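[1] need a structure here:
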Amino acid sequence: MSHAGVMVRLCVAGIAGFAGTDCRAQAWTWRFLDGLETGKNMAGLAAQGSFQGGYAFKGGEPHPVLWRDGQDVPIDLTPASRSGGQVFGMSADRQVGYAASPNVYHAAAWRGTPNSYVDLNPTGFWSSYAYAIRGDQIAGYGQVLSTGDPHAIMWTGPTDAATDLHNNTLATMSYAYATDGEYQGGTAAFRGYSQIHAALWHGSAETMIDLHPARYTGLDSWVLGMAPGVQVGQIGINPVLWHGTPESMVAMNPAGYPGGGEIHATDGVHHVGDVGKNGTGYAGIWMSDDPNSFVNLAELVSDDIWSSHANAIYSDSERIVVVGTIRIGLAAEQGVVWVQEIPAPCSAALMVMGIAAMGRRRRG
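    Coordinates of the predicted model:
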């Protein structure tokens, strides 16, 4: 047998060996986010591309901030007319949350700078908050000026026109915390129940439905995050997900974490939140709809976790980014980013296949 023939056989054997290797399973890395003032609380609440959003304390008040990969100092988005706020959601080049001045809290949107601030507070509401954005659709809630009752609200671009999603026939109050660009999710006090139930809308008050499964009586529930086709949140103290109907609800409690938890966000495949064990909340990610696909990300940072939360996720073909908060011991709460790189097919496997092809050409 020729040398080339031997090489081809070795390469084929090598390829067979690599076939059982998950080239996408890479180690997680993490880093802390920097604050506006040393030693003050901060939190990562949103993610999009190479940016993360949330808040950092300055002068005793949270300020809406934007972090960029590779930059140490966050961008303070507080407009000159306001004294603080927070970023809750991000999509493309836009960020949403609220901006505050004494006793005034208005839903807000930015495009990366303080001067791009837009006040989203609708007419007839004395306060409001924007929690999520996807495409040109924003979801949140506001308190009605005449009654103080909270109503779920949807804003739609390009003019950010506000739609009151509250269905007064079905519920006494409602909140929207998520959108997938078409549907909106949150919670509501449905009439006839003493608990609040997860709610889902399709762009209008008339489409409001109760997402709470009938078998879970006596418990509260929330939709906290959404992606097309999937909603995530909590029932009672349990992390759960749905696929559009009450009957589709899946409890996502992983084995070994009996302390409950919640799911805050999803990219449609991966879900992030926190689960409890021995009185501590551990931030992590479910890599699929399997409850036991949970990966404890908090333990990568420290073995002295006081509390932690995974609040947002962004993913593309190259990496998965999880943004959250962590408190180590009695220190201040810190923002944290976890990253898992997703490389192209294993370079070693590609090299083996290339050598095999060379062997075939030489033999010919």
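
[2] Assumed Thr38 was part of a helix.
    No - per DSSP: H, G, I helix; E, B strand; the rest coil, Thr38 lies outside any helix segment and is coil.

[3] Report how many residues lie close to it.
    7 (other Cβ atoms under 10 Å). C-betas here are computed from N, CA, C, even on glycine.

[4] what do you get for Gly256?
    If you count neighbours by other Cβ under 10 Å, Gly256 ends up with 10.

[5] thought it was touching Lys277?
    Yes - counting by Cβ atoms under 8 Å, Lys277 is a contact partner of Gly256 at 6.9 Å.

[6] any residues in contact with both of those two?
    Common contacts of Gly256 and Lys277 (Cβ atoms under 8 Å, 6 or more residues apart in numbering): none found.

[7] The stretch 101-250 of the chain: helices as residue ranges?
    In the stretch 101-250 of the chain, no segments count as helices under DSSP state H, counting those that start in this stretch.

[8] in it, which spans are strands?
    Assigned by DSSP state E, counting those that start in this stretch, the stretch 101-250 of the chain shows strands spanning 104-110, 118-119, 125-134, 137-144, 150-156, 161-164, 171-179, 184-190, 197-201, 209-210, 221-227, 230-235, 238-242, 250-251.

[9] can you put these in JSON lines and add mean pLDDT, mean neighbour count and distance to Ser83?
    Listed next are those as JSON lines, based on pLDDT from 0 to 100; neighbours: other Cβ atoms under 10 Å; distance: least, Cβ to Cβ, whole Å:
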{"stretch": "strand 104-110", "mean pLDDT": "97", "mean neighbour count": "23", "distance to Ser83": "9"}
{"stretch": "strand 118-119", "mean pLDDT": "98", "mean neighbour count": "16", "distance to Ser83": "14"}
{"stretch": "strand 125-134", "mean pLDDT": "98", "mean neighbour count": "23", "distance to Ser83": "15"}
{"stretch": "strand 137-144", "mean pLDDT": "98", "mean neighbour count": "24", "distance to Ser83": "19"}
{"stretch": "strand 150-156", "mean pLDDT": "98", "mean neighbour count": "24", "distance to Ser83": "23"}
{"stretch": "strand 161-164", "mean pLDDT": "98", "mean neighbour count": "17", "distance to Ser83": "24"}
{"stretch": "strand 171-179", "mean pLDDT": "98", "mean neighbour count": "24", "distance to Ser83": "24"}
{"stretch": "strand 184-190", "mean pLDDT": "98", "mean neighbour count": "27", "distance to Ser83": "27"}
{"stretch": "strand 197-201", "mean pLDDT": "98", "mean neighbour count": "26", "distance to Ser83": "32"}
{"stretch": "strand 209-210", "mean pLDDT": "98", "mean neighbour count": "18", "distance to Ser83": "38"}
{"stretch": "strand 221-227", "mean pLDDT": "98", "mean neighbour count": "26", "distance to Ser83": "27"}
{"stretch": "strand 230-235", "mean pLDDT": "98", "mean neighbour count": "25", "distance to Ser83": "31"}
{"stretch": "strand 238-242", "mean pLDDT": "98", "mean neighbour count": "24", "distance to Ser83": "35"}
{"stretch": "strand 250-251", "mean pLDDT": "97", "mean neighbour count": "13", "distance to Ser83": "42"}
